[in-house]
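>>> Got a sequence here, can you model it:
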Amino acid sequence: MRHKKILKNKLFLYLTEFFSGMSVMAVELGASRLLAPYFSSSQIVWTIIIGTIMIAMALGNIYGGRKADKDKDPGKLYGRVLIAALWIALIPVVGKYIILGISAILVFTVNSNFLVIAAFAACMIVFVYPLFLLGTVTPSLAKYTTDSLEDNGRIIGTLGAFNTVGSIIGTFAPTFITIPAVGTSVTFLIFAGILVALCVCYFLSPDEAEEKTQKKNLSKVIAGILIFDICCVFGHSTSFAFWESGLTYEGESVYNYLQVKETPNSVILSTNVLFGVQSVLVKEGALTGMYYDYAMAAPYMCGVKDKAENGEDVDVLILGMGSGTYATQLSRYFDNVNVTGVEIDDKITDLAHKYFELPDTTSVTTYDGRAYLAAVSDQYDVIMVDAYQDITIPFQMSSVEFFSLVKEHLAPGGVMVVNMNMYSDESQSGSQQATINTYLADTISSVFKNVVVVDVPGATNKELFATESDEFLTNLESNAAKEENEKLAAMMERALLTATEYEAGENIMTDDKAPVELLGMKQIDSIIKDEVQYYKEIYRSQGIEGLINSL
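Down below sits the predicted model:
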């Protein structure tokens with residue numbers, strides 16, 4: 001068997017291990033960003049990604065070892081790497097369409113665990129094969145680099161070191177460099193391009209092979225470069241919501257896919273396209289009609305109008321600032337409110353100032369909400385917790401320990417308001433099964449003396465208000481009566497009328513046990529089931545044509 005000269009000093013083989021390890025981790029991180037806008041970025045989705053990739057790598061290891069024993073030609077290995085590289089390059093071209101196609105099929109055929117099954121199916125179809133091929137690299141290289149048993153340990157150790165260092169770079173580079181700078185799609189293309197270049201170097205390197213083999217290698221190189229170039233032309237778009245047109249802004253940050261859309265009456269921020277509106281600004285100073293308006297009951301509960309008459313200010317802390325909708329609403333309707341915001345994603349804060357009229361005077365700290373509370377000693381009259389991420393909240397902001405920390409930072413008479421998302425009909429019908437909102441409300445009730453819940457009409461949200469004060473509803477009534485804005489006063493009156501004392505259960509979340517991901521998945525399944533039932537009935541009665549017409 002003739003070997004190419006490029007392999008004689010083994011350095012090229014070590015570099016192959018390095019770049020393969022780097023690409024595997026880059027694809028894994030890219031997979032999380034590709035799936036997040038459609039299936040969330042929860043721990044469950046991460047588990048699915050890691051699990052399927054480990055399956056692919058394990059199968060690749062077995063297959064690669066067997067192939068290396070049967071055929072010692074390194075060209076077969078680099079042929080597999082080239083196929084893997086081109087497959088990875090195709091992901092930004094067709095991956096989004098495959099994911100939505102899988103979702104469209106499963107949403108009409110799966111009755112439970114939709115997100116889990118759909119995410120698993122997407123990972124298996126889109127990511128398993130190229131990573132299976134990259135999984136063949138290590139055992140194959142072990143065969144090609146080992147000359148005798150005397151240096152076997154040293155060489156295998158060196159291969160492992162190169163793979164590990166490559167994996168480290170492949171972990172940090174996408175998260176902190178390529179994805180924030182050029183997006184997920186281009187990140188796939190970058191690492192695919194590295195593998196293509198590696199294979200080109202191998203196939204074009206001089207050897208003593210027959211002319212027929214050299215022509216075959218040249219054909220592989222030309223075909224590979226051509227396919228990769230086509231992928232670069234059609235796959236560089238960062239659009240996850242490819243069905244949308246006329247977006248004001250679309251991009252990615254370290255944490256989120258971000259989309260800003262303007263209508264004649266509003267500006268809307270979505271962080272993940274299939275999970276609704278994250279923030280909204282209604283132009284010309286109107287109320288949003290969303291939960292932000294009902295959350296403004298909190299300042300009335302702590303006597304915002306009474307304090308204005310006495311020349312006193314109300315201090316508000318917002319954990320999960322987003323684009324600042326709540327802060328903007330407060331600044332529009334109250335003259336004596338000081339707002340401090342905490343938002344972990346600084347790119348969202350930039351968008352808030354640019355598109356959502358967030359006042360420059362509003363202080364925003366780029367930090368995790370709980371870490372911020374642990375770092376400051378200030379007290380606030382109102383603390384709003386609105387840290388939902390995709391379909392759930394970070395577990396560290398859902399526990400007894402967290403809400404106890406919030407309580408410590410409330411001034412006497414202060415009120416905490418929590419946006420509870422994803423209320424389905426099942427949540428409101430007294431289902432025997434505890435939902436994520438049941439757990440959340442029970443946990444808060446174990447910390448605070450008084451807890452009430454207010455309906456948000458036409459939404460899957462409820463607002464929960466918690467306080468140690470016994471006068472908070474009396475304050476709401478008396479202070480809302482002093483409100484000169486008729487629409488806001490009517491909304492506060494409705495909030496007062498629908499405020500229901502929460503009957504606490506025993507579903508308590510702690511730092512040690514807070515199953516928010518599983519609970520969130522169950523809740524979104526329930527909501528999806530309710531939404532899809534309408535279309536299923538159309539399909540049963542009118543067939544595919546009726547379904548298409550209804551869409």
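
>>> Just checking, which helix or strand of the chain averages the lowest pLDDT?
The helix or strand of the chain with the lowest confidence, counting by mean pLDDT, DSSP states H and E, is helix 425-428 at a mean of 44.

>>> residue ranges for the strands of this protein, please.
For the chain, applying DSSP state E gives strands covering 249-252, 257-262, 266-270, 279-282, 314-319, 337-342, 363-365, 380-385, 410-420, 450-455, 462-467, 500-501.

>>> Reformat those as JSON lines; add mean pLDDT and mean neighbour count.
From N, CA and C alone the C-beta is placed, and that goes for glycine too. Shown next, in JSON lines, are those (pLDDT from 0 to 100; neighbours: other CB atoms under 10 Å):
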{"stretch": "strand 249-252", "mean pLDDT": "82", "mean neighbour count": "18"}
{"stretch": "strand 257-262", "mean pLDDT": "86", "mean neighbour count": "21"}
{"stretch": "strand 266-270", "mean pLDDT": "86", "mean neighbour count": "21"}
{"stretch": "strand 279-282", "mean pLDDT": "82", "mean neighbour count": "23"}
{"stretch": "strand 314-319", "mean pLDDT": "96", "mean neighbour count": "25"}
{"stretch": "strand 337-342", "mean pLDDT": "94", "mean neighbour count": "22"}
{"stretch": "strand 363-365", "mean pLDDT": "91", "mean neighbour count": "17"}
{"stretch": "strand 380-385", "mean pLDDT": "96", "mean neighbour count": "26"}
{"stretch": "strand 410-420", "mean pLDDT": "94", "mean neighbour count": "22"}
{"stretch": "strand 450-455", "mean pLDDT": "93", "mean neighbour count": "20"}
{"stretch": "strand 462-467", "mean pLDDT": "94", "mean neighbour count": "25"}
{"stretch": "strand 500-501", "mean pLDDT": "94", "mean neighbour count": "12"}
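
>>> Ok, which of the ones you listed comes nearest residue 373?
Minimum separation from residue 373 across the strands of the chain (CB to CB) falls at strand 314-319, 7.7 Å.

>>> what distance separates that closest one from the centre of its chain?
26 Å (CA atoms, centre = their mean, to the nearest Å).

>>> Just give the strands next to it in its sheet, each with its orientation.
Next to strand 314-319 in the sheet, as set by DSSP bridges, lie strand 337-342 (parallel), strand 380-385 (parallel).

>>> Residue 245 is nearest to which of these?
Of those, nearest to residue 245 by CB to CB is strand 337-342, at 31.7 Å.

>>> which residues are contacting that closest one?
299, 304, 313-321, 324, 327, 330-331, 349, 362-365, 367-369, 372, 378, 380 (CB atoms under 8 Å, 6 or more residues apart in numbering).

>>> before we move on, back to that, with respect to residue 99, which of the strands of the chain lies nearest?
Of these, nearest to residue 99 by CB to CB is strand 257-262, at 13.1 Å.

>>> Output the closest one as PDB - backbone C-alpha positions only.
Written as PDB, here are the backbone C-alpha positions of strand 257-262 (Å, rounded to 0.1, in the frame of the first residue of the first chain):
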ATOM      1  CA  TYR A 257     -31.600  34.500  18.100                       C
ATOM      2  CA  LEU A 258     -33.000  38.000  17.900                       C
ATOM      3  CA  GLN A 259     -35.700  39.400  15.600                       C
ATOM      4  CA  VAL A 260     -37.300  42.900  15.500                       C
ATOM      5  CA  LYS A 261     -40.400  43.400  13.500                       C
ATOM      6  CA  GLU A 262     -42.300  46.700  13.000                       C
END
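
>>> Parallel or antiparallel, list what pairs with that strand.
When DSSP bridges is applied, strand 257-262 pairs with strand 249-252 (antiparallel), strand 266-270 (antiparallel).

>>> could you dump those strands to a markdown table with distance to residue 16?
Formatted as a markdown table, those follow (distance: least, CB to CB, whole Å):
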| stretch | distance to residue 16 |
| --- | --- |
| strand 249-252 | 30 |
| strand 266-270 | 41 |
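
>>> picking up where we left off before, in CSV, list the strands of the chain along with distance to residue 196.
Formatted as CSV, the strands of the chain follow (distance: least, CB to CB, whole Å):
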stretch, distance to residue 196
strand 249-252, 24
strand 257-262, 26
strand 266-270, 34
strand 279-282, 41
strand 314-319, 45
strand 337-342, 43
strand 363-365, 43
strand 380-385, 47
strand 410-420, 47
strand 450-455, 56
strand 462-467, 52
strand 500-501, 61
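
>>> of all the ones you listed, which lies closest to residue 21?
Going by CB to CB, the one of the strands of the chain nearest residue 21 is strand 249-252, 24.3 Å.

>>> ok, residues contacting the closest one?
Contacts for strand 249-252 (CB under 8 Å, 6+ apart): 33, 179-180, 183-184, 238-239, 241, 257-260, 347, 351, 355.

>>> can you tell which of the strands paired with strand 257-262 is closest to residue 514?
Comparing the strands paired with strand 257-262 by CB to CB, strand 266-270 comes nearest, at 26.2 Å.

>>> low pLDDT regions in the stretch 1-150 of the chain?
1-4, 111, 147-150 (pLDDT under 70).

>>> just the helices in it please.
11-39, 43-70, 74-107, 114-126, 128-135, 137-145 (DSSP state H, counting those that start in this stretch).

>>> will you turn those into CSV that also has mean neighbour count and distance to residue 175?
Putting the helices of the stretch 1-150 of the chain into CSV (neighbours: other CB atoms under 10 Å; distance: least, CB to CB, whole Å) gives the following:
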stretch, mean neighbour count, distance to residue 175
helix 11-39, 24, 6
helix 43-70, 18, 13
helix 74-107, 20, 17
helix 114-126, 21, 19
helix 128-135, 23, 18
helix 137-145, 22, 23
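
>>> nearest to residue 385, of the ones you listed?
The nearest among these, by CB to CB, is helix 43-70 at 19.9 Å.

>>> What is the closest one packed up against?
Other elements packing on helix 43-70 under the criterion 3 or more CB pairs under 8 Å, 6 or more residues apart in numbering; DSSP states H and E are helix 11-39, helix 74-107, helix 114-126, helix 128-135, helix 137-145, helix 516-550.
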